[in-house]
Every structure is written in structure tokens, then in C-alpha cells.
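1. Take this sequence and fold it.
(chains A and B)
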Number of protein chains: 2
Amino acid sequence: MGAQILIEPVALVRSPFHEKFAVPRQSGLAPSARGEVVLLPPFDDPATLDGLDGFSHVWLTFQFDRCAGQGWRPRVRPPRLGGNREVGVWASRSPFRPNGLGLSAVRLLEVVRAPEAKLRVAGLDLLDATPVFDIKPYLPYADAIADASGGYAPTPPEAVLDVRFTPTAQAALAAADDGTALRALIVDVLTLDPRPAYRPDVEPDRVYGALLAGHDVRWRVDGRGAEVLDVVAVAALR
Amino acid sequence: MGAQILIEPVALVRSPFHEKFAVPRQSGLAPSARGEVVLLPPFDDPATLDGLDGFSHVWLTFQFDRCAGQGWRPRVRPPRLGGNREVGVWASRSPFRPNGLGLSAVRLLEVVRAPEAKLRVAGLDLLDATPVFDIKPYLPYADAIADASGGYAPTPPEAVLDVRFTPTAQAALAAADDGTALRALIVDVLTLDPRPAYRPDVEPDRVYGALLAGHDVRWRVDGRGAEVLDVVAVAALR
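-> Presented below is the predicted three-dimensional model:
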């Protein structure tokens, strides 16, 4: 019926998230998840950013490129419903959707004009190298709808896990280049409990691992919360 | 640098706005602007809408198709700044932007599954027949950012015009099929003063006209506000 259109990336994301596992499921949930939105030519004229400094947040329209080509189905199982109940794809923010477009509101920390035109942002829920197709200012009067109701996801996911660190992990953070920021990122991400929502077989001793900001982070989950076992820099990703 | 992608419309908008002039400049500004988002095959399986009923608002990612092919420039003149000051395109919601994508949050009035799968919505700021490339539920906990600051557009545009009707216009509304809804739409739209922001030559007697919900609406503006002169059904658009 409608005409297809060709769109091209205007920017690429630099993010601490190198793999899908452990990426927060919406923007803003991990305030310590900082990164950059780097404009691509010919969209990187610094003049394109004039007037953006006064805005606290920006919208990014992006492609779920790591899910591209994997198709879509009319119904999906959102993690929010425990991963075992279905809703329609138009009632979800699932990456497996027609056209594969995503939408995130991220906090704008700084507008950088040179040597490359880019935005420093926080509250990211995007993978490193995600292609961005549009950047818009967040307009509070139009976008922040105070009386909106949120269906099956009326409130933020509860921070379910306390996060603690073994002496080994603490020593690794103390030796890291930016250990304080890395620790805050790890706490933000693990508090949200990134394990799959639907876990039919509880494995109490299972060690989980994720790449965060160029570090291989290992943790396990017990009745007290998440315990970070070790944090190891991954040379190839730094 | 980045890879181009091909996207296709998943829905088309049915809107009371048939021409660019007089379309509200953001979603939500004209609550009486009601319409439909009609799903296109193969995206119109009613199952795709399951679970959406509980949400009060949805995001529409659409193409500014009536501006397509007209290019973009690094800086634009937003109406909000009187039409004579420039900001960067990434600091604007201008339709003249790379990739030509727009973003609107509209109120969800009803989810209709048959005989066609569609959403009845309000607060539209989209032209009739606008192609929609994505529909997402509005998630208050992620999308309604209470502490956001809005740069050069911190507050909604002030409703600047009182709207009144001549006896001729009143009689025409009384005779119209859905005169009450049409009157509400006209008031919402004219209150926002759709005249061009930058008007170097004030023309007090100028008669403005716009097509609204299949009617040719004529009005003029004086010191008391906007006076609607006549409302005439346009057969070809009904």
C-alpha cells in the first residue's frame, strides 16, 4: 500500500554496552550509562547543533541493528510480563518489530562541536555502534504527558537486586582507569537484574558475565542480591 | 559511513487536516483533532494490538511525506522563535530534516480490531494519509520525564486567539453532520493562531482559509481574536 523509503544513519552511538545481554530495557533506567552520539558526515556540521544546549534530553530514533533480519511476529513476550505472557507487537517496545526502529530519550550532558560534532549523553539503553536515524529535542510540554497511563507497565521495573563486590572485584575497580564511573555503571545495570525474565530452572550458583565499558564483569545472584566476582579489562574493546 | 535501510509504512493516518496550513505544530495541542491510524497489510493482524487498550497514549513514528524531496539545511527557523531566528536542525522538530521522520504522541481513544484493524486517536498533528512506520506504547515511567527542560520552547505555545463565529458560520455548523465536533476542532486550531509566525506586513482584513475535516473554513483576525466567517462542506473531501 504505502511507499517504501530509504533512510540513512545520521549518527552512531558509542556506548558501554557491547552485547545485548545486560543492556537496560528502556532509556533512563541506568543513569550511569554514559556514551556519545557521534554525527556522521554530511550531517555533522556543528551548526546543526545550535540551540540544543538548553535542552536536558534528546530523542534518538535508531535501528535495532543487532536484531535486523530476524523478522517479527504479531505477538511478543515482553520481559516486563515475566517473559511468559504475550502482547501484540504494537503494544510492545520489542526490538523484533516491523522496520526495527527504536526510540530512546537520553539525558544530554554536553554538546561537543569539535574536533568531532557529537553529544555526550547518559541513561543509554543502546548497544555500541547502534545507527541513529534522527535526533530531536525532548519538548516537555508535548512529550512529558503527566496523566498518561502505562497499561501492563505502569511503573518502572523495581530495582530488585542489591549489588555488592568481592575483594577481588573491589581491587580491580580500584586499579581501573575510571573505576568510580565503572562501579556506578555496574551497580545501575545489575540492580535491574538483567537475567532473562523467564527462568524455569533456578541455578543459584550460575555465574553470569557481561561486557560493560570494555570490562568483562562476572557476578552471581543469591538471596542477598548480586555479588560481583571480578572485573577484567578486555584489551580489544578498550 | 552507516548502512542505509529500507523501511515501509505499517499504517496510514486518517486526519481532519488536508493541507499543511493550520496543522498544529506538535501533538496534543489540539485535543479535538481526532482521527485514525489504520494498519496496512501485512501488519494489520488484530493480534498485533493485544494489550494496547491499557495505554492512554501511543507514539507514532511517521514520514513528513509532504516535505519529502525538499532537502534539509543545517539551520532552520522554528515558528516558536517567531520565524526569524535560526537554530540547528537537530535542535528542532522541523519537517525539513535528514530522513524526514517525525514523532508524535497521540491519545489512544479506542483500539478497533474489525472490520479493519486501527486505532482511534486524538491530539493529532499529522496530515491526512501520512505514512506511519512505527507504533509504540507510551511508557510513562520512561517517556514522561518530569524534570526535563525545554530549551527555547520551555512551555506550550500560548493560546493567543479567542475564537468567535459569525451567524453564517453558526448556521453552517448547526446544519453540519457533526457540527459539535467540527466546532471544537475549529476552536482548537484557530486558538493556536496558525498564521505564519513571521508576518512583516500586517494585513488586518486578510481572510484566511483552511480545509478542516472536509470543510473549507474561512476566518479573519482582529484585535478581539479570530472570527470564523463561514464553514462550507467540500464534497470531494467528505
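2. okay, which residue is most central for chain A?
-> With distances taken as C-alpha atoms, centre = their mean, A:Asp125 lies nearest the centre of chain A, 1.2 Å away.
3. what's near enough to touch that one?
-> For A:Asp125, the contact set (C-beta atoms under 8 Å, 6 or more residues apart in numbering or on different chains) comprises A:Val23, A:Pro24, A:Arg25, A:Gln26, A:Ser27, A:Gly28, A:Leu29, A:Ala30, A:Ala33, A:Ser104. Where you see a C-beta, it was placed from the backbone N, CA and C, and this is true even at glycine.
4. which ones among the residues you listed come in contact with chain B?
-> A:Gln26, A:Ser27, A:Gly28, A:Leu29 (C-beta under 8 Å from any C-beta of the partner chain).
5. Could you report the neighbour count for the third one?
-> The number of residues packed near A:Gly28 is 22, by other C-beta atoms under 10 Å in any protein chain shown.
6. tell me which of the ones next to chain B among the contacts of A:Asp125 is nearest to chain B?
-> Closest approach to chain B among the ones next to chain B among the contacts of A:Asp125 (C-beta to the nearest C-beta): A:Gln26, at 4.0 Å.
7. Give me the distance between that closest one and A:Ser104.
-> Distance of A:Gln26 to A:Ser104, given as C-beta to C-beta, to the nearest Å: 8 Å.
8. how about the strand or helix carrying A:Trp219: buried residues?
-> In this assignment (DSSP states H and E), A:Trp219 forms part of strand A:215-222. The neighbour-count check on strand A:215-222 (16 or more other C-beta atoms under 10 Å in any protein chain shown) flags A:His215, A:Val217, A:Arg218, A:Trp219, A:Val221 as buried.
9. confidence score at the third one?
-> In this case it means A:Arg218. What the model reports for A:Arg218 is a pLDDT of 97.
10. now swap in the one 3 residues further on and tell me
-> Per-residue confidence at A:Val221 stands at 92 (pLDDT).
11. That one: what's it in contact with?
-> Counted by C-beta under 8 Å, 6+ apart, A:Val221 has contacts A:Leu161, A:Asp193, A:Arg195, A:Pro204, A:Arg206, A:Tyr208, A:Glu227.
12. Turn the buried ones among those residues into a named ChimeraX selection, would you?
-> Entered in ChimeraX, the line below selects the buried ones among the contacts of A:Val221, by 16+ other C-beta under 10 Å:
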select /A:161,193,195,208,227
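13. Which of the contacts of A:Val221 fall within strands?
-> Those of these mapping onto strands are A:Tyr208, A:Glu227, per DSSP state E.
14. Just the closest of the contacts of A:Val221 to A:Pro46, please.
-> Among the contacts of A:Val221, A:Asp193 lies closest to A:Pro46 (C-beta to C-beta), at 40.7 Å.
15. so who does the closest one touch?
-> With C-beta under 8 Å, 6+ apart, A:Asp193 has these contacts: A:Val160, A:Leu161, A:Val221, A:Ala226.
16. One more pass at 6 Å, please.
-> Contacts for A:Asp193 (C-beta atoms under 6 Å, 6 or more residues apart in numbering or on different chains) come out as A:Val160, A:Leu161.
17. got the contacts of A:Val221 as CSV, with distance to B:Leu185 and pLDDT columns?
-> Shown next, in CSV, are the contacts of A:Val221 (distance: C-beta to C-beta, whole Å; pLDDT from 0 to 100):
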residue, distance to B:Leu185, pLDDT
A:Leu161, 50, 93
A:Asp193, 47, 92
A:Arg195, 50, 89
A:Pro204, 60, 71
A:Arg206, 58, 91
A:Tyr208, 54, 95
A:Glu227, 59, 96
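18. Need the contacts of A:Val221 in CSV (columns: distance to A:Ala148).
-> Converted to CSV, the contacts of A:Val221 look like this (distance: C-beta to C-beta, whole Å):
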residue, distance to A:Ala148
A:Leu161, 28
A:Asp193, 26
A:Arg195, 29
A:Pro204, 39
A:Arg206, 38
A:Tyr208, 34
A:Glu227, 37
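19. For the strand ranked longest in chain A, list every residue counted as buried.
-> Longest strand in chain A, counting residues (DSSP E): strand A:101-112. Buried residues in strand A:101-112, counted by 16+ other C-beta under 10 Å: A:Leu101, A:Gly102, A:Leu103, A:Ser104, A:Ala105, A:Val106, A:Arg107, A:Leu108, A:Val111, A:Val112.
20. quick one, phi psi at A:Arg14?
-> Dihedral pair for A:Arg14: phi -110, psi 120, per degrees, to the nearest 10.
21. thinking it is in contact with A:Ala33, fair?
-> No: at 11.6 Å, A:Arg14 and A:Ala33 do not qualify as touching, with contact defined as C-beta atoms under 6 Å.
22. more neighbours, the two?
-> A:Ala33 (27 against 18).
23. about what we covered before: ok, of the ones next to chain B among the contacts of A:Asp125, which one's closest to A:Arg85?
-> Minimum distance to A:Arg85 across these is 18.4 Å, recorded for A:Gln26 (C-beta to C-beta).
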